[in-house]
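Asks: could you look at this predicted model? Sequence included:
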Protein chains: 2
Amino acid sequence: MTDLINRQYYLAQRPASVPTSEDVPARDVPVAEPAEGMAVIKNMFISLDPAIRGWMGDDPNYIEPIAINDAVRSSVIGRVVKSNSPELAVGDAVMSLGAWEAYTTGPAVAMNKLDESAGLPLSNFLSVLGPTGLTAFFGILDVGKPKAGETVLVSAAAGAVGSVVGQIAKIKGCRVVGMAGSDDKCAWLKDDLGFDEVINYKTCGDYGDAIRKACPDGVDVYFDNVGGEILDAALLCLNKFARVAVCGWISTYNDADAPGPKNLWQLVAESVTIQGFVVIDYMDRFPEAIGQLAEWVMSGQIQFKEDIVDGLDNILPAFLKLFDGSNQGKLMVRIPEE
Amino acid sequence: MTDLINRQYYLAQRPASVPTSEDVPARDVPVAEPAEGMAVIKNMFISLDPAIRGWMGDDPNYIEPIAINDAVRSSVIGRVVKSNSPELAVGDAVMSLGAWEAYTTGPAVAMNKLDESAGLPLSNFLSVLGPTGLTAFFGILDVGKPKAGETVLVSAAAGAVGSVVGQIAKIKGCRVVGMAGSDDKCAWLKDDLGFDEVINYKTCGDYGDAIRKACPDGVDVYFDNVGGEILDAALLCLNKFARVAVCGWISTYNDADAPGPKNLWQLVAESVTIQGFVVIDYMDRFPEAIGQLAEWVMSGQIQFKEDIVDGLDNILPAFLKLFDGSNQGKLMVRIPEE
């Protein structure tokens, strides 16, 4: 046993809707000495992503549910404090699959050592150079396949994924229309990121009318982060051979009885392709993508926001920002140094 | 004016649900002499397809609706009786976009002359060598992309499209499971066409249980002719990177309030691609496909059924067979020679 105490937030019961502190309470457990091949990291950043809500459910079809009494699963960035492996030394910064906890113990070979030499903030490896940036990269380029001159519509466009999707589509010469939930977010997309047109979905009235007005030539690529009514409206605005890239439907995660889209017959009417994907499908191409993204970040062609909430004990309220739309940019919790 | 009288079934009003004789009454109109470049054909076969129900609706997004008072649009095979074009001679057999009518007048260049030299029955050009066979061909090969050893699930498998889909998948080395609505149809699929497993969807009980039992290794390609609850059940049985080919959702055509599929989140969970298509997307490759299909027909590798109803005045009740599942094979009306 080490002298380290690990504060964890764990799944006591499966949430019926929005997770509460009864569903996800805290506990303090001792940290064991790492067995051979294992390392202990002190977490610095914990990534908060919509998929985690899916893992809290008990549907075995939705990836791997978190077991009751297990700490809530998340990607983390931490620094090695104990190592029983030649792969990692104390002081190394790594990204790993971890949990909502102060210390994560795991196999050293499954922890990705981060290159700190470029002086980029470590949090970037959870945002623009991490899962959300990579999701945007492969989703728009490999699934959306945008051609110069085409119209690309992005929902949740001010989010960590959507904002990068739109900027990549601009780099590729597309007309880019973003949907977001506040005038501030819309102004950021248009004025700072160069989106051609924006729609405030909370004030625009009928989604279909708003999309048709913002996309007079129709929609060739719809990057769908939300599903639900916006997907239904977007389906009616698609051009022949349009592509719909789907990387997660946050609007339905908390509602088991959410109806499916009614306008899916558009698939046949316009020969549309709807493709779901998760970023790990493209794992073998991560280095290529990180290199390209880093280049665009350095040249200023891609801007991004990080929404960093301080303090592990704020993690549940921070997580809920994903579901009321109040986060701006990639959401994560930072655990300050003691 | 010619001395020909054209009996037509036309759209008097848009059907609220299943089309009735009030929605689609008959009228007799004279046939005009063809203008320059036009030809008149006496129809021999009129194709009855689910898409026609879509054209009867008023949703401008569903391809082009039939205008009120226009004859109901269909593909037809007929023989030229008047020609004012060097392209066609009286006596030529052609396939054309026509209508539920005795005579069709249209531009000669838009009528496809049929090659009668091989002695194949002309009706075959509406079935296995026509739109349904071509829909099967491109749907399974280009959209479904089946690999040898994969499991292919086909709904409406005893239909004109589904039965050819399954046989092509068998030729490509797949394990093929068909769903159909009667024991007779199921027996035909298994005993005559060589499907590996069949499901009678009217007696199988829970669709999901039945599909899982018939597809113990999961479903890699789902060829979906029906949408609705069967699609929802099939979605839960898909393997990683599965493809769903959608060529028409007959179960929802008569129900404007039909709910959409609830399990579409499987798209993301299994990185699924759902692709809608219509056969005309592949028009430039029709000759290649007809040649291949004819070869498989000649060699006995593809069998097919035609459900031929005699008499133009039986066309509406014949059409409704598509919606109660009572047709066996490609449905068409034959207009006997006088």
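Replies: Ah, there it is. None of these values were measured; they are calculated from a predicted model.

Asks: for the rest of this, base every contact and every neighbour count on C-alpha atoms.
Replies: Fine.

Asks: now do stretch A:178-187: distance to the chain's middle.
Replies: Remark: stretch A:178-187 is offset 18 Å from the chain centroid, using Cα atoms, centre = their mean, to the nearest Å.

Asks: what lies in contact with it?
Replies: With Cα atoms under 8 Å, 6 or more residues apart in numbering or on different chains as the test, stretch A:178-187 has contacts from A:153-158, A:166, A:189, A:195, A:197-202, A:325, A:328.

Asks: now, the residues you listed that are in helices?
Replies: In this view, those that belong to helices under DSSP state H are A:G166.

Asks: gap between A:M1 and A:L235?
Replies: Noted for A:M1: a distance of 57 Å to A:L235, by Cα to Cα, to the nearest Å.

Asks: I meant A:W100, not that one.
Replies: For A:W100, the distance to A:L235 equals 37 Å [Cα to Cα].

Asks: with neighbour numbers in mind, choose between the two.
Replies: Legend: neighbour count by other Cα atoms under 10 Å in any protein chain shown for A:W100 and A:L235, higher for A:W100 (27 against 24).

Asks: so that one touches A:I46, yeah?
Replies: Yes. With contact defined as Cα atoms under 8 Å, A:W100 reaches A:I46; the gap is 6.8 Å.

Asks: identify the contacts common to the two.
Replies: Taking Cα under 8 Å, 6+ apart as the criterion, A:W100 and A:I46 both touch A:S74.

Asks: hang on, the earlier thing: could you flag which of the contacts of stretch A:178-187 are buried?
Replies: Buried subset of the contacts of stretch A:178-187 (neighbour count, 16 or more other Cα atoms under 10 Å in any protein chain shown): A:153-158, A:166, A:189, A:195, A:197-201, A:328.

Asks: among those residues, which lie within strands?
Replies: Applying DSSP state E to the buried ones among the contacts of stretch A:178-187, the entries found in strands are A:L153, A:V154, A:E197, A:V198, A:I199, A:N200.

Asks: list just the nearest of those to chain B.
Replies: For those, the residue nearest chain B by Cα to the nearest Cα is A:V154; the value is 17.0 Å.

Asks: contact partners for that closest one?
Replies: Residues in contact with A:V154, defined by Cα under 8 Å, 6+ apart, are A:G162, A:V165, A:G166, A:V176, A:V177, A:G178, A:M179, A:Y222, A:F223, A:D224, A:N225.

Asks: how does it look with 7 Å?
Replies: Counting by Cα atoms under 7 Å, 6 or more residues apart in numbering or on different chains, A:V154 makes contact with A:G162, A:G166, A:V177, A:G178, A:M179, A:Y222, A:F223, A:D224.

Asks: restricted to strands, list these.
Replies: Per DSSP E, the subset of those in strands is A:V177, A:G178, A:M179, A:Y222, A:F223, A:D224.

Asks: burial of the second one, as a residue count?
Replies: Neighbour count of A:G178, defined by other Cα under 10 Å: 29.

Asks: mind checking how far it is from chain B?
Replies: 22 Å (Cα to the nearest Cα, to the nearest Å).

Asks: how about the residues of chain A by chain B?
Replies: Within chain A, the positions near chain B by Cα under 7 Å from any Cα of the partner chain are A:62-63, A:246-248, A:259-262, A:267-269, A:271-278.

Asks: any of those buried? List them.
Replies: Here, 16+ other Cα under 10 Å leaves A:62, A:246-248, A:260-262, A:267-269, A:271-278 buried among the residues of chain A next to chain B.

Asks: buried by neighbour count: which residues of stretch A:167-184 qualify?
Replies: Of the residues in stretch A:167-184, those buried (16+ other Cα under 10 Å) are A:167-170, A:172, A:174-182.

Asks: which stretch of helix or strand covers A:I168?
Replies: Per DSSP states H and E: A:I168 is located in helix A:160-171.

Asks: tell me the mean pLDDT over that helix?
Replies: Confidence for helix A:160-171, expressed as mean pLDDT, is 96.

Asks: what's the following helix or strand after the lowest-mean-pLDDT helix or strand in chain A?
Replies: One helix or strand of chain A scores below all others by mean pLDDT, DSSP states H and E: helix A:250-253, with a mean of 48. Beyond helix A:250-253 in the direction of the C-terminus, DSSP H and E gives the next helix or strand as helix A:266-269.

Asks: which secondary structure elements does that following helix sit against?
Replies: The contact analysis (3 or more Cα pairs under 7 Å, 6 or more residues apart in numbering or on different chains; DSSP states H and E) places helix A:266-269 against strand B:273-276.

Asks: ok so, going back, nearest to A:E116 among the buried ones among the contacts of stretch A:178-187?
Replies: Checking those against A:E116 by Cα to Cα gives A:Q328 as the nearest, at 25.3 Å.

Asks: for burial, what's the neighbour tally of the residue nearest to A:G37 when sequence neighbours are not counted?
Replies: Using Cα to Cα, 6 or more residues apart in numbering or on different chains and skipping the chain neighbours, the partner closest in space to A:G37 is A:S85 (4.5 Å). The number of residues packed near A:S85 is 16, by other Cα under 10 Å.

Asks: which residue is nearest the middle of chain A?
Replies: Taking Cα atoms, centre = their mean, the centroid of chain A lies closest to A:T132, which sits 4.4 Å from it.

Asks: the helix or strand harbouring it packs against which elements?
Replies: Element membership of A:T132, judged by DSSP H and E, is helix A:131-138. With contacts taken as 3+ Cα pairs under 7 Å, 6+ apart, helix A:131-138 sits against helix A:160-171.

Asks: need the residues that contact the helix it packs on.
Replies: By Cα under 7 Å, 6+ apart, helix A:160-171 touches A:127, A:132-133, A:135-137, A:140, A:146, A:154-157, A:176, A:193, A:195, A:302, A:329-330.

Asks: any stretches of chain A with poor pLDDT?
Replies: For chain A, the stretches with pLDDT under 70 are A:60-63, A:118, A:248-259, A:338.
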